[in-house]
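Undergrad: turn this into a structure:
(one chain, ligands or ions: 1)
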Amino acid sequence: MNRRHFLSSAGASLLAADADTRWDRPMRWSQLTLVENDPGQFDVAFWLDYFRRIKSDAACLSAGGIVAYYPTKVPLHHRSQWLDRHAGGDPFGDLLRGCKKMGMVVIARTDPHAIHEDAARAHPEWIAVDESGRPRRHGSDPSLWITCALGSYNFEFMTEVHREIASLYEADGIFTNRWAGSGMCYCASCARVFRAESGLDLPRTNDPLDPARRQHILWRDKRLFELWRLWDGEIGKTRPGSRYIANAGGGALSSLDMVTIGQLAPTLFADRQARRGLATPWEAGKNAKEYRATMGTKAIGGIFSVGVEEPYRWKDSVQSDAEIRIWVADAAANGLRPWFTKFSGTLYDRRWLKTVEEIYTRHARWEKYLRNTAPVANVAVVYSQQTSTYYGAGRARQKVEDHTLGWYQALVEARIPFELVHDRLLDGAGRFTTLILPNIACLSDAQCAQLRDYVRKGGNLIATFETSLYDEWGARRGNFGLAELFGVDYGGRIEGPMRNAYLTLHHETRHAVLKGLEEAPRIIHAANRILVKPVAGFAVKPVTLIPSYPDLPMEMVYPREPRTDIAELYLSQRQGGRVAYFPNDLDRTFWEVLSPDHALLLRNTVDWAAGSDRPVYVDGPGVVDVTLWRQNTSMTVHLVNLTNPMFMKGPYRELVPLPPQRVRVKLPDGAKPRRVHLLAADRTPAGINFSAGWLSCTVPTVGDHEIVAIDL
Ligand SMILES: [Zn+2]
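TA: From the prediction side, this is the model:
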């Protein structure tokens, strides 16, 4: 088990059965979202020429919904007031036909989240209603009304719109933005249909343990997937082969079930357009891993904006060249196909055009090496929507996501390639030697059994904090569901936040988890710890607790208990694979504090658990996101240079060249390198050496993104 790498066999066939070649073909998407006054004012020929010049092979074009950009005949479907100003009166059709002539795949965009006054008067039942019973006006444009996503507006009116578009135009699909509603709706239709389904009134609380709220979470999911199937069916009936493409999905914080999305969607695009708040550029790549966990080998794309998104959404702005580049590079290195989105066909600031052209034409030159068949990684991090929904509730970002972000950052810093796994697809986890569960609090009995089985078969497992202490509905168990694997029972409470507490590092154990920390007798503790009672024997305890002691007044700052034998990391190998359990939130604390000591402890724990060679080593200074891929007749190592003073928030001013890196990669059994090439530098790397199945070479520098391409 420990030596098994995720190469072509198992991974490549994962969910590949219904991969559709129509969606696999396009590699570079363009999205032009028209604004109402574009017709007659924007230059269709310019855009078509731009798509051609940048070697874009697919487009998403505005068709209808809030505003129709074609001569619709559906009553109350609001035509752009300027539609007739466009010669021929059909700007959507002109763009679509121009793209089709160039052989591009084209999807039509609709947006059903708001309606105009005339539609609202004719159909008040289309409007979403707030908790106090008031119809909801649009927050950004008060002349519009917010629609109810779960009633007749979407199910009847938008179905009619989608049928009309599919019948009139040769679109490969229809892509719908903001189709899943704008928060909780209390309209009469929602109340009636929910009551018929559940026997309950609409919930007035967000507590997921409330029966009505829980039923509503499930009902909303079911209703939206009914809508998805309805639209997909009607579009396909009207134009055979054409599909519904939802703008949906994400990771643990996403509300729609990613497993169902993985089954329904022929392709999927991550709509994380730019940084917001504290957002590292690896967030673009994280989306790729989240999507791949349920989409398998189906084509996935990453939507990037060329403007500044946070926090006031300047939709006509332009980011720096370096920021656009690094965002797209990390997405591409993780398997997302680039999709630029531009709002308004009339340009106010043209600086981004050259950047996207350079990114896209380079991508086209590299295309052969970007048609991946499988990622190569031994390690995977589990994500859990049920934990986020039922345990995280209103605080899922802090209680759930921050644990994952801590691991993500630690693995990027450690340069360990990894994947993400959805907690409801654990059956497929056997292809990884090591699974990390970052406070995956909610696990069903069946999921716990899957994880025990995984370890019994030799899989290694790392878990933190309250992992498995709750069932799949967020109800607390008396003990960890995985107590047997951890070797500890739940001790009844959580202590924290703990100020001024530490971890003693027992170097006399010479344990691998302490590597690189030899000079440190102790390091800082996590913010919170969970009390546990060991039930199994632990041969070594390399990390133990120094309890909190006062941090003020200064005279009182001395440890009351300088040493205990209370382990803060439980390591065992009793039932097959290795198990490491942190009875604390060290991963979340790492994301909060970013202590380099915690980075090392997390890295070492992964290396100890994985127990064998990593599939690739990249040595040198800097922060580099390393990914490893197989293609049909080649293998690639991606190095994305995140090293930048702006790294932790992302507003890059310039790319800072990376110092030389030594790359050492294990080739598939029996394979020999026929040619090794650096795609960005367009040269052969220095110091190529091949022995005992390992290829080494030196990458002299990286701007944003370098790919070591190895033909096999
Ligand atoms: Zn409603």
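Undergrad: name the SS class of the closest residue to the ion within the stretch 551-700 of the chain, please.
TA: Nearest to the ion in the stretch 551-700 of the chain, going by Cβ to the ion, is Arg588, at a distance of 36.3 Å. The way it works is simple: take the backbone N, C-alpha and C, and place the C-beta from them, glycine included. Classification of Arg588 using DSSP: H, G, I helix; E, B strand; the rest coil returns helix.
Undergrad: from what I see, it and Gln409 are in contact.
TA: No - here Arg588 lies out of contact with Gln409, judged by Cβ atoms under 8 Å, at a distance of 11.2 Å.
Undergrad: who's more crowded, these two?
TA: Between Arg588 and Gln409, counted using other Cβ atoms under 10 Å, Arg588 has the larger neighbour count: 26 against 21.
Undergrad: for that one, which residues are in contact?
TA: Gln398, Asp402, His403, Gly406, Pro438, Asn439, Thr464, Phe465, Ala526, Ala527, Asn528 (Cβ atoms under 8 Å, 6 or more residues apart in numbering).
Undergrad: tell me how far the residue of the stretch 551-700 of the chain closest to the ion lies from Ser317.
TA: Using Cβ to Cβ, to the nearest Å, Arg588 is found at 33 Å from Ser317.
Undergrad: of the contacts of Arg588, closest to the ion?
TA: Gln398 (30.0 Å).
Undergrad: the closest one: how many residues sit nearby?
TA: 13.
Undergrad: quick one: which helix or strand includes the nearest residue to Val624 once chain neighbours are set aside?
TA: Spatial nearest neighbour of Val624, chain neighbours left out: Leu639 (5.2 Å); criterion: Cβ to Cβ, 6 or more residues apart in numbering. Taking DSSP states H and E as the definition, Leu639 sits inside strand 634-641.
Undergrad: got it, and Phe269?
TA: strand 268-270.
Undergrad: and that strand, what other elements does it pack with?
TA: Strand 268-270 sits against strand 243-246, helix 282-295, strand 300-305, with contacts defined as 3 or more Cβ pairs under 8 Å, 6 or more residues apart in numbering; DSSP states H and E.
Undergrad: any idea of the angle the second one forms with strand 300-305?
TA: Right, helix 282-295. Per axes from the mean of the first three to the mean of the last three Cα atoms, to 10 degrees, the angle that helix 282-295 makes with strand 300-305 is 150 degrees.
Undergrad: how long is stretch 179-191 from one end to the other?
TA: One end of stretch 179-191 sits 19 Å from the other (Cα to Cα, to the nearest Å).
Undergrad: report the rounded mean pLDDT for it.
TA: Stretch 179-191 comes out with an average pLDDT of 97.
Undergrad: then stretch 446-459?
TA: On average, stretch 446-459 scores 98.
Undergrad: thinking again about what came up before, partners of the strand holding Leu639 in the sheet?
TA: strand 624-630 (antiparallel), strand 705-711 (antiparallel) (DSSP bridges).
Undergrad: could you export these as a markdown table, including distance to the ion, mean pLDDT and mean neighbour count?
TA: Compiled in a markdown table, those are given as follows (distance: least, Cβ to the ion, whole Å; pLDDT from 0 to 100; neighbours: other Cβ atoms under 10 Å):
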| stretch | distance to the ion | mean pLDDT | mean neighbour count |
| --- | --- | --- | --- |
| strand 624-630 | 42 | 98 | 24 |
| strand 705-711 | 45 | 98 | 23 |
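Undergrad: what residue ranges in the stretch 451-600 of the chain score low on pLDDT?
TA: Within the stretch 451-600 of the chain, not a single segment meets pLDDT under 70.
Undergrad: which single residue of it ends up nearest the ion?
TA: Trp473 (25.0 Å).
Undergrad: how many neighbouring residues does the residue lying closest to that residue once chain neighbours are set aside have?
TA: Counting by Cβ to Cβ, 6+ apart, Trp473 lies nearest to Tyr390, which is 5.6 Å off, once chain neighbours are set aside. Neighbour count for Tyr390, taken as other Cβ under 10 Å: 23.
Undergrad: ok, now which ones touch Glu309?
TA: So Glu309 contacts Gln273, Ala274, Arg275, Arg276 (Cβ under 8 Å, 6+ apart).
Undergrad: and those near the ion, which?
TA: Among the contacts of Glu309, no residue is within reach of the ion (Cβ under 5 Å from the ion).
Undergrad: who wins on neighbours among the residues you listed?
TA: Neighbour-wise, the contacts of Glu309 (other Cβ under 10 Å) top out at Arg275, 23 neighbours.
Undergrad: residues in contact with the residue in the stretch 1-150 of the chain that the ion sits nearest to?
TA: When you check the stretch 1-150 of the chain against the ion by Cβ to the ion, the closest residue turns out to be Cys148, at 3.1 Å. Applying Cβ under 8 Å, 6+ apart, we find Cys148 in contact with Glu125, Trp126, Ile127, Ala128, Val129, Asn154, Gly181, Cys185, Cys187, Ser189, Cys190.
Undergrad: for the chain, list the residue farthest from the centre, please.
TA: Here the chain reaches farthest from its C-alpha mean at Glu555, the gap being 47.8 Å by Cα atoms, centre = their mean.
Undergrad: on that earlier part again, ok, which of the contacts of Cys148 also contact the ion?
TA: Among the contacts of Cys148, the ion is touched by Cys185, Cys187, Cys190 when using Cβ under 5 Å from the ion.
Undergrad: the residues you listed in helices, which ones?
TA: Applying DSSP state H to the ones next to the ion among the contacts of Cys148, the entries found in helices are Cys190.
Undergrad: can you redo the ones next to the ion among the contacts of Cys148 as a markdown table with neighbour count?
TA: Converted to a markdown table, the ones next to the ion among the contacts of Cys148 look like this (neighbours: other Cβ atoms under 10 Å):
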| residue | neighbour count |
| --- | --- |
| Cys185 | 24 |
| Cys187 | 24 |
| Cys190 | 23 |
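Undergrad: and the residue of the stretch 251-400 of the chain nearest the ion?
TA: Closest point on the stretch 251-400 of the chain to the ion, by Cβ to the ion, is Ser255, at 15.9 Å.
Undergrad: would you map the strands across the stretch 351-500 of the chain?
TA: 374-375, 379-383, 418-422, 434-437, 460-464, 488-495 (DSSP state E, counting those that start in this stretch).
Undergrad: wait, isn't Ser182 in contact with Trp145?
TA: No - between Ser182 and Trp145 there is no contact under Cβ under 8 Å: 10.8 Å.
Undergrad: show me which of those two is the more surrounded one.
TA: More crowded of Ser182 and Trp145, by other Cβ under 10 Å: Trp145, with 22 against 16.
Undergrad: residue contacts, that one?
TA: Trp145 touches 114-117, 119-120, 126-128, 135-138, counting by Cβ under 8 Å, 6+ apart.
Undergrad: which residue is nearest the centroid of this protein?
TA: Nearest to the chain centroid, counting by Cα atoms, centre = their mean: Asn287, 2.1 Å.
Undergrad: quick one: contacts for the closest residue to that one other than its chain neighbours?
TA: Nearest non-adjacent residue to Asn287, counting by Cβ to Cβ, 6+ apart: Ala270, 3.7 Å away. Residues in contact with Ala270 (Cβ under 8 Å, 6+ apart) are 249-250, 284, 287-288, 290-291, 300-303, 331, 336.
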